[in-house]
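Asker: Just the structure for this:
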Amino acid sequence: MRVMSVIMMGLAAVAAPGMIGRAGAQTAGSAGAAATAGDAAALPDGQGAPPGQVDVTVGAGVALVPSYEGSNDYVVIPAGALRGTLSGVAFFSRGTKLFADVVRDTGAVNVQFGPLVAVNFNRSGRIVDDRVEALGRRKIALELGGFAGLSKTGVLTSAYDTLGASVSYRHDVTGVHGSYIVEPTIEYGTPLSRKAYVGVSASATIVGDAYARRYFAVDAAGAGRSGLPLFASPRGGFKDYTLSGLASFSLSGDLRRGFALFALGSYARLQGDFARSPITSVAGSRRQLFGALGVGYTF
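Answerer: Here you go, the predicted structure:
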């Protein structure tokens with residue numbers, strides 16, 4: 001699931017140029033962990049170019065992320081991102097999630113609403129810790145859902161900064177974990193000039209009991225194979241919170257077009273049974289750090 005979150009992280013920064021323009025100027029295997037930070041850091045691109053105009057940003061780079069959700073082993077992986085507008089419909093990626101905002105906005109308040117599709121790679125690939133590896137890998141899950149949010153431009157520091165709040169819901173449709181995932185997010189971003197942009201965000205993740213059992217339980221057989229303590233029935237609920245920051249700097253002199261560098265960092269902290277699980281408390285850590293560096297290009 002590493003790729004998933006990393007792609008989200010990359011988008012956080014490469015999406016920033018698109019926001020400025022419109023305002024007026026988890027190797028698969030560990031993405032589960034990265035997804036938390038990636039989602040919180042991504043600043044959605046809701047308004048897009050005028051109808052009929054195509055506006056696209058792509059990004060690529062590298063990221064340092066936990067080996068699995070709850071791991072204290074870190075790996076370097078490739079990062080990627082996509083954001084754009086086509087025929088008045090804005091789309092953007094956050095990790096292995098793809099969103100489409102179908103609402104066309106004309107006022108100062110931007111309404112965001114639309115479908116999302118996600119691929120969950122958590123524990124489906126290489127796992128660094130041998131004890132968690134002994135518990136077995138998981139299949140890749142396909143998750144479908146939607147999102148809604150509001151954002152306003154010209155709030156605090158200038159006529160171009162943006163403050164937004166959104167919530168997304170998705171559910172596994174492949175029976176891999178059979179659970180829902182709800183993610184509320186608050187985010188703020190502002191251009192410092194035509195060349196520089198910064199953003200911060202805070203988010204939380206809420207999941208069902210089935211998600212907790214699938215990724216954080218240690219049954220009797222698993223305890224025998226791995227040596228980890230028995231933890232057979234973890235409960236769902238508030239899984240984590242994440243705080244993130246990002247910065248983007250244009251190499252072309254204008255963030256709305258051309259190449260830009262981005263950097264992102266996030267801190268996530270697992271809660272409840274997700275932190276108490278031996279997968280986290282013995283083999284890993286409830287504290288999850290993430291970072292990414294890369295380059296984006298806006299057409």
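
Asker: so where's the protein shaky on pLDDT?
Answerer: 1-54, 106 (pLDDT under 70).

Asker: How about the secondary structure of the residue sitting furthest away from the middle of it?
Answerer: In the chain, the greatest distance from the average C-alpha position (C-alpha atoms, centre = their mean) is reached by residue 224, at 34.2 Å. Following DSSP: H, G, I helix; E, B strand; the rest coil, the label given to residue 224 is helix.

Asker: what about it, distance to residue 214?
Answerer: Note on residue 224: its distance to residue 214, by C-beta to C-beta, to the nearest Å, is 19 Å. (C-beta placed from N, C-alpha, C; glycine too.)

Asker: now swap in residue 295 and tell me
Answerer: Between residue 295 and residue 214 the computed distance is 36 Å (C-beta to C-beta).

Asker: what about these two, which has more around it?
Answerer: Applying other C-beta atoms under 10 Å to residue 295 and residue 214 shows that residue 214 carries more neighbours, namely 20 against 17.

Asker: Go ahead and confirm residue 186 touches residue 203.
Answerer: Yes. Residue 186 is within contact range of residue 203, at 7.4 Å (criterion: C-beta atoms under 8 Å).

Asker: More neighbours: which of those two?
Answerer: Using other C-beta under 10 Å, the more surrounded residue of residue 186 and residue 203 is residue 203, with 26 against 15.

Asker: Can you check my assumption that the more buried one lies in a strand?
Answerer: Yes. Checked against three-state DSSP, residue 203 lies within a strand.

Asker: quick one: it and residue 239 touch, right?
Answerer: No. Taking contacts as C-beta under 8 Å, residue 203 lies outside contact range of residue 239: 11.0 Å.

Asker: give me every residue that touches the residue farthest from the centre of the chain.
Answerer: For residue 224, no contacting residues are found, by C-beta atoms under 8 Å, 6 or more residues apart in numbering.

Asker: Got phi/psi on residue 134?
Answerer: Dihedral pair for residue 134: phi -70, psi -20, per degrees, to the nearest 10.
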